[in-house]
Structures are given as structure tokens and as C-alpha cells.
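Peer 1: Build the 3D model from these lines:
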Amino acid sequence: MRGAGFWLAVLSWAAIGCAPETTPAQWDFDSSIRALTVAPNGDVWWAGSAGLVGHHADGVWAIDTLRSPKGDTPAFRSVAVTDEAAFILSIVSPALLYRKLHTEDTWSVVYTNTDSLAFFDSMHFWDNREGIAMGDPLGACLCVIVTRDGGETWSAVSCEDLPPAEEAAFAASNGNIALRGDEVWIATGGVASRIFRSPDRGRTWEVVETPIVQGGAMTGMFSVARCDEANGMGWGGNWEVMDDNAANKIATADGGATWELVTPGAGPGYRSCVQYVPHSDCQSIWAVGIPGISRSGDGGATWTTEPDSNFYTVRFTPDGQTAWLAGRGKVACRPVQH
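Peer 2: Prediction:
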């Protein structure tokens, strides 16, 4: 299932690798990129429209163009990486989940969903064996699939085990899922915007109400992030009124059991992705979206915004020193200023 692949050489990591003492770098690609992740070893992976998948390692981009069994180029908005393999998931029916072992050069389809309503939003792994992906409802519940064997096979969580859901989710940044320990949070949006929680890697579930703006087709959480056992943040807003900041940011201090608005009526409006900077004691937070890149150094109490448009998603290297961003036709890295 691999199309024509090609290699794009760039300057060496030492020259432009976004180490703290260097200037930012940016690369342009013919793809709208909403799925981005940084592996524990610092490698960067992204997946976007036009079937494109990118992998940055040792100062070089490797770019693949994937084709479906029918020969078209899927649009991807979910990407995940383990120590053994990389995974990408297309959005709409037939939804295709590809896996590529790090020891191999080819991608293979390990899961297909042909339901006409299939629409997948996000995918993450707890470890090398167990992972989870979620999509909009198929029937009375969210479409949640899990793997217990390193991504070789995937199975759907039964609606008998999931709370009922009328809302959907936004495939805006691969940010609908947050993991910590054995727990998982899933953020929804639209007619309702809630947190679906599992304490045991997707085996049992409950749902928690939130005060974020909701009820409209383009309102609610677009992203959720977790910092530690207690603290997390959800962010979104109203995509149709992006400067509305009345109720677009929420936070929890009790492990997701309850949520409160953050700076209602102040700070940035709509953003499609929120992430904590590692090793910052939950104080350094970035939120990115079409209106710009917003940063907080005090846990979300105050914000500064850089009006750099059309970034959709952000992730950090494990040491918290480098931010990687992706958006419409571009991927960039920037040093993190603590």
C-alpha cells in the first residue's frame, strides 16, 4: 500500500535542529497537516492530506505518498509511533489504518472501517502493545477502537461498554485523546462537549460534563492535554467566531473528575491544539490554531500570542526544549523559551 516515496534532504540537525541556541526552522509541503507526533527518541512524524506522511530523523526528511487499495490518496489526521512501528489513520470511509515497522520500508493496512459514517479523529498508544483511536459515533456511541498486540489487530469497543453519545469530535490536531498511566481522556464537541474517561485502557468508561462552550455544530473542545495525575486542560471554542473567549478554555485539578473555565472573557479565543511543555511543572502551555500561537508561563493565568497563522497542531521533544508545529502546507520547529 505504499506509493512513490522520496527523500527530501535538509540541513543537518546541528545546523538548524531547533536546539535552544538556534533559530527556528520551517519546511513547506504540499499537504494540510493536522497529525503530528514526536517519538521518545526525538524523531518527528506527521501525516496529512494527499496521502503524504513525513518522518524527520538525523537531519533528513523522508516523505512517503500512500495510496489506498483503490489507488486514491487518503487524507490523514491521526498519527502515532511506538518503539517498534509507526501508525497513520485516514479520516473518512473507508477509514484505513496503516502500520510500518521501523525495521521495514513498506506500509500495510491493519484495520479498515467501511461504514459510510466512519470519521476518525485521533490515535495514541500507551506503550508498544496497547493503543487507542477514536472517531465520530457509529450508532449510539463514539467509535473507539483498541489494539492489544502492538497494532497488528484492532477491535471496536462495544456500545454496551461506552456511554451514549450524540456529539462527535473535531479532527483538527490529533488532540482529542490524552493518556497518562492506564487512563485515557477523549474530548468531544458539537451538540455537547464532554470528557469520556477510562481508568483501565479502554475497558470501562464514564463521561464527565464540562462548562466549555457547546451546542453548536462548530463549538466545544478541539483538543485536550494532561500534565500530571491531577492537572489537565481542554481548549477549543467557536470555530465560526474565533475571537470568542468567553468559555473556550477549561482545566481540571482533580484528575478530570471536574472541570472549570479558565480566564473566561480573557486570553486567546479559538485554538485547535493545546499542549503542556514537558518538565515545566504544568506552568508552560502552548495553544495553537489558525489565529496564532499562544503561550503561557503561569499555568494558563496569562497569555502572549504570536500572530503566526495556519498552524494547527504542536508537540514537544521529550526534554521540553523544542516545539514542533504543523499546519497548512508547513512543518516548523522552534526553541522553547522557558
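Peer 1: Might one say that residue 300 is in contact with residue 233?
Peer 2: Yes - counting by CB atoms under 8 Å, residue 233 is a contact partner of residue 300 at 6.5 Å. In short, each C-beta sits where N, CA and C put it, glycine included.
Peer 1: what's the offset of the helix or strand hosting residue 196 from the middle of its chain?
Peer 2: Residue 196 is part of strand 194-198 when elements are defined by DSSP states H and E. Distance of strand 194-198 from its chain centroid, counting by CA atoms, centre = their mean, to the nearest Å, is 16 Å.
Peer 1: try stretch 288-305
Peer 2: Distance, centroid of stretch 288-305 to centroid of chain: 18 Å (CA atoms, centre = their mean).
Peer 1: Output the strand holding residue 196 as PDB - backbone C-alpha positions only.
Peer 2: The C-alpha trace of strand 194-198 is given here as PDB (Å, rounded to 0.1, in the frame of the first residue of the first chain):
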ATOM      1  CA  ARG A 194     -17.600  16.300  27.300                       C
ATOM      2  CA  ILE A 195     -14.700  14.100  28.600                       C
ATOM      3  CA  PHE A 196     -15.100  10.400  28.100                       C
ATOM      4  CA  ARG A 197     -12.800   8.700  30.700                       C
ATOM      5  CA  SER A 198     -11.400   5.200  31.100                       C
END
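Peer 1: Can you name the element that comes right after it?
Peer 2: With secondary structure assigned by DSSP H and E, strand 194-198 is succeeded by strand 206-209.
Peer 1: For that following strand, which strands pair with it and how are they oriented?
Peer 2: strand 194-198 (antiparallel) (DSSP bridges).
Peer 1: How much space separates the nearest residue to residue 285 once chain neighbours are set aside from residue 284?
Peer 2: Counting by CB to CB, 6 or more residues apart in numbering, residue 285 lies nearest to residue 296, which is 4.6 Å off, once chain neighbours are set aside. Distance of residue 296 to residue 284, computed by CB to CB, to the nearest Å: 7 Å.
Peer 1: residues shared between the contacts of those two?
Peer 2: By CB atoms under 8 Å, 6 or more residues apart in numbering, residue 296 and residue 284 have no common neighbours.
Peer 1: re earlier: of residue 300 and residue 233, which one has the most company?
Peer 2: residue 233 (26 against 22; other CB atoms under 10 Å).
Peer 1: what's the helix or strand where the more buried one lies packed up against?
Peer 2: According to DSSP H and E, residue 233 maps onto strand 232-238. With contacts taken as 3 or more CB pairs under 8 Å, 6 or more residues apart in numbering; DSSP states H and E, strand 232-238 sits against strand 183-187, strand 219-226, strand 249-252, strand 273-276.
Peer 1: what packs against the longest one?
Peer 2: Meaning strand 219-226. So strand 219-226, by 3+ CB pairs under 8 Å, 6+ apart, packs with strand 177-180, strand 183-187, strand 232-238, strand 273-276, strand 285-289.
Peer 1: In a markdown table: the ones you listed, plus distance to residue 55.
Peer 2: As requested, the helices and strands packed on strand 219-226 are exported to a markdown table (distance: least, CB to CB, whole Å):
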| stretch | distance to residue 55 |
| --- | --- |
| strand 177-180 | 21 |
| strand 183-187 | 26 |
| strand 232-238 | 28 |
| strand 273-276 | 20 |
| strand 285-289 | 21 |
